[in-house]
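In: When you get a sec, could you give me coordinates for this:
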Amino acid sequence: MPGAPMKTLSLTDDWDLTLDSTGNLVVLNDRAAMLQDVCSAARTWLGEVIYDTGQGIPYDTDILRSDVDLSFYASEIEDAAMSVPGVAAATCHLANPTRERQLTGVILVTFTDGSTDHAKF
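Out: Modelled structure (predicted):
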């Protein structure tokens with residue numbers, strides 16, 4: 001992929017920072033970084049990013065309403081995934097929200113080099 005390699009801090013399944021055996025922060029590169037950034041984009045609430053309040057998913061205004069169709073969720077998440085540099089296409093498949101109103105799913109990602117992978121969130 002053209003340009004400098006992507007890097008991001010590695011996060012655990014609980015979305016906390018990851019440390020290596022010596023206590024240093026773990027950094028992800030290239031494809032792993034892009035996949036985690038896709039998950040981050042899917043988990044970001046609209047207005048949460050202070051430097052760009054237009055980023056994010058409208059969870060509080062639209063998605064947490066009980067009458068919203070799952071296709072709306074998927075479309076918003078696909079748009080957010082497409083904002084990640086290096087992502088050429090994204091398709092989101094969602095599980096039904098839990099009783100606790102948690103939303104999970106899988107995002108199928110096509111990178112600009114034509115390769116594919118998936119990210120769970």
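In: Where does pLDDT dip in this protein?
Out: 1-5, 61-68 (pLDDT under 70).
In: Run a quick neighbour tally on residue 36.
Out: Neighbour count for residue 36, taken as other C-beta atoms under 10 Å: 20. Glycine gets a C-beta too; all of them are placed from N, C-alpha and C.
In: in terms of contact, does it touch residue 119 like I think?
Out: Yes: counting by C-beta atoms under 8 Å, residue 36 does reach residue 119; the two are 7.4 Å apart.
In: For this protein, which segments count as strands?
Out: Assigned by DSSP state E, the chain shows strands spanning 7-9, 27-29, 87-94, 105-111, 116-120.
In: Quick one, which of these gets closest to residue 15.
Out: Distance to residue 15, taken as C-beta to C-beta, is lowest for strand 7-9 among the strands of the chain, at 11.0 Å.
In: That closest one packs against which elements?
Out: Under the contact criterion of 3 or more C-beta pairs under 8 Å, 6 or more residues apart in numbering; DSSP states H and E, strand 7-9 touches strand 27-29, helix 30-43.
In: Tell me which of the ones you listed is the most buried.
Out: helix 30-43 (a mean of 20; mean count of other C-beta atoms under 10 Å).
In: Contacts made by stretch 8-15 with the rest, please.
Out: 17-18, 25-28, 32-33, 36-37, 40, 43 (C-beta atoms under 8 Å, 6 or more residues apart in numbering).
In: Next: stretch 94-110.
Out: 34-35, 38-39, 42, 63-64, 70, 73-74, 77-78, 81, 87-93, 116-121.
In: Please, a PyMOL command that selects the buried ones among the residues you listed?
Out: To isolate the buried members of the contacts of stretch 94-110 in PyMOL, using 16 or more other C-beta atoms under 10 Å:
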select buried, resi 34+35+38+39+42+63+70+73+74+77+78+81+87+90+92+119+121
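In: Phi first, then psi, for residue 98.
Out: phi -80, psi 170 (degrees, to the nearest 10).
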